[in-house]
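Visitor: Here is a sequence together with a model predicted from it:
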Amino acid sequence: MSPAARNTAARKRPRRSPVRRAPERGTRRFVILTGLSGAGKSHAIRALEDLGYFCIDNLPIALIQTIAELAAREEGGMQKVALVVDVREGARLSELPRIYQRLRGTAGVEPMLIFLEASQAALLRRFSETRRPHPLAPDRSVREGIREEQKRLDPIRSVADLILDTSNLTVHELRNVFMQLSRDGGDKEMVVNLVSFGFKHGVPLDADLVFDVRCLPNPHFVDRLRKLTGRDQPVIRFMRRHPETRAFIERLSTFLTFALPQYVKEGKSYLTVAIGCTGGRHRSVMVAEALKRPLSAVEGVTVRVAHRDS
């Protein structure tokens, strides 16, 4: 994370530490995301959605308490909820501080109010790049809309648990901040799908990484192995008997055990690694199965293996 991202994430108010405190058993996480237009609320809510939050954009504040009570139910309740509330609410937005204080007394939910802001220069640049009018200044300058919005939101900013300045953050850095702030962000694992396939049937459309193992010895040309698959011991023994197979698996495993943590850092939720041979029955299946154990030892990932064509 860049120095700007680290400094931004550190601006948590000392009077409370809702991010670090472990929630009580049965407590639902309940995030209210608000702040200035153009400060990155859309990117933030998508990051929370990837972290497993049930997200609602532009919820009327009159329904916040109702949603909290639904989330707090022991059976069928939503474990993690994130709401976006902003100036689209209109005049009733001024009621949010009072509603939030009441929400803090609701049993079964652990609320957190996050306020996103950015410098006027950053906001002006973003509105210029997107060519969108400011929601409070459809017929005025963006600068006037920003000033009015800051004035309206100041009472909400004063009660926020976390104030996040996104002026110098890229989209990826903002996502990383929310990965760090999520109370169970470290428990949210990236799912790695190891998929074996046959090139003659086509490459999987959802593949992120594709590796071709047609260079390895082919059990198909051994009569006693032809009807078996790469999960059968005779095929596995045949392939491991060749040093090139062992070297290929070792080097591919080394590469993936290095690469996967980089995808985890980026905040990727799913990664499909496709292993292909000619028919998708022997070599690709055997290699995919061989990769499962070393990749399962990588921190922050859950490995699944599927054989599309065997």
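Guide: Perfect, I can see it now.

Visitor: ranges for the strands of the stretch 1-150 of the chain?
Guide: With DSSP state E, counting those that start in this stretch as the criterion, the stretch 1-150 of the chain has strands at 28-35, 54-57, 80-84, 109-117.

Visitor: Dump stretch 34-44 to CSV, keeping only the CA atoms.
Guide: The C-alpha trace of stretch 34-44 is given here as CSV (Å, rounded to 0.1, in the frame of the first residue of the first chain):
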residue,chain,number,x,y,z
THR,A,34,-21.5,8.4,3.2
GLY,A,35,-19.5,11.4,2.1
LEU,A,36,-18.9,13.8,-0.7
SER,A,37,-20.0,13.2,-4.3
GLY,A,38,-17.0,12.0,-6.3
ALA,A,39,-15.1,10.8,-3.2
GLY,A,40,-15.3,7.1,-4.3
LYS,A,41,-18.5,5.8,-2.6
SER,A,42,-19.3,3.6,-5.6
HIS,A,43,-15.9,2.0,-5.6
ALA,A,44,-16.1,1.5,-1.9
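
Visitor: which residues touch that stretch?
Guide: Under the criterion CB atoms under 8 Å, 6 or more residues apart in numbering, residues 33, 57, 84-87, 96, 113-118, 122-123, 126-127, 134-136, 145-146, 149-150, 153, 156-157, 160, 164, 166, 169, 171, 174-175, 178 lie in contact with stretch 34-44. Yep, even glycine has a C-beta here, placed from its N, CA and C like the rest.

Visitor: ChimeraX command for the buried members of these?
Guide: Of the contacts of stretch 34-44, the buried ones go into a single ChimeraX selection, burial set by 16 or more other CB atoms under 10 Å:
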select :33,57,84,85,86,87,96,113,114,115,116,117,118,122,123,126,127,134,136,145,146,149,153,156,157,160,164,166,169,174,175,178
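
Visitor: how much space between the nearest residue to Ser128 once chain neighbours are set aside and Met112?
Guide: Leaving aside its chain neighbours, Ser128 sits nearest to Val142 (7.7 Å; criterion: CB to CB, 6 or more residues apart in numbering). Val142 sits 30 Å away from Met112 when distances are taken as CB to CB, to the nearest Å.

Visitor: now Val85
Guide: In terms of CB to CB, Val85 sits 13 Å off from Met112.

Visitor: any common contacting residues for the two?
Guide: In contact with both Val85 and Met112: Ile32, using CB under 8 Å, 6+ apart.

Visitor: Next up, the contacts around Arg175.
Guide: Arg175 neighbours (CB under 8 Å, 6+ apart): His43, Ala47, Asp50, Glu266, Gly267.

Visitor: Let me see the contact set for the second one.
Guide: By that I understand Ala47. Leu174, Arg175, Phe178, Met179, Gly267.

Visitor: Confirm for me that Arg283 is in contact with Phe211.
Guide: No: assessed by CB atoms under 8 Å, Arg283 is found out of contact with Phe211, at 10.9 Å.

Visitor: the more surrounded of those two?
Guide: Taking other CB atoms under 10 Å, Arg283 and Phe211 do not tie; Arg283 has more neighbours (29 against 17).

Visitor: Give me the phi and psi angles of that one.
Guide: phi -60, psi -50 (degrees, to the nearest 10).

Visitor: contacting residues for it?
Guide: For Arg283, the contact set (CB under 8 Å, 6+ apart) comprises Val213, Arg214, Leu216, Pro217, Asn218, Pro219, Gly230, Met239, Cys277.

Visitor: Among those, the buried ones, what's the ChimeraX command?
Guide: To isolate the buried ones among those in ChimeraX, judged by 16+ other CB under 10 Å, type:
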select :213,216,218,219,230,239,277
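
Visitor: Looking at the contacts of Arg283, which is nearest Arg304?
Guide: Among the contacts of Arg283, Gly230 lies closest to Arg304 (CB to CB), at 16.4 Å.

Visitor: Now do the SS call for that closest one.
Guide: Under DSSP: H, G, I helix; E, B strand; the rest coil, Gly230 falls in the coil class.

Visitor: Next, the contact list for it, please.
Guide: 196, 219, 236, 239, 281-289, 307, 310.

Visitor: which stretches of the stretch 101-250 of the chain have low pLDDT?
Guide: Counting by pLDDT under 70, the ranges of the stretch 101-250 of the chain that qualify are 180-188.

Visitor: let's go with 80 and repeat that
Guide: Residues of the stretch 101-250 of the chain meeting the criterion pLDDT under 80: 130, 172-173, 175-189.

Visitor: now the spatially most central residue of the chain: how far from Tyr270?
Guide: Nearest to the mean C-alpha position of the chain, counting by CA atoms, centre = their mean, stands Asp50 at 3.5 Å. Counting by CB to CB, the gap from Asp50 to Tyr270 is 10 Å.

Visitor: I am finished for the moment; much appreciated.
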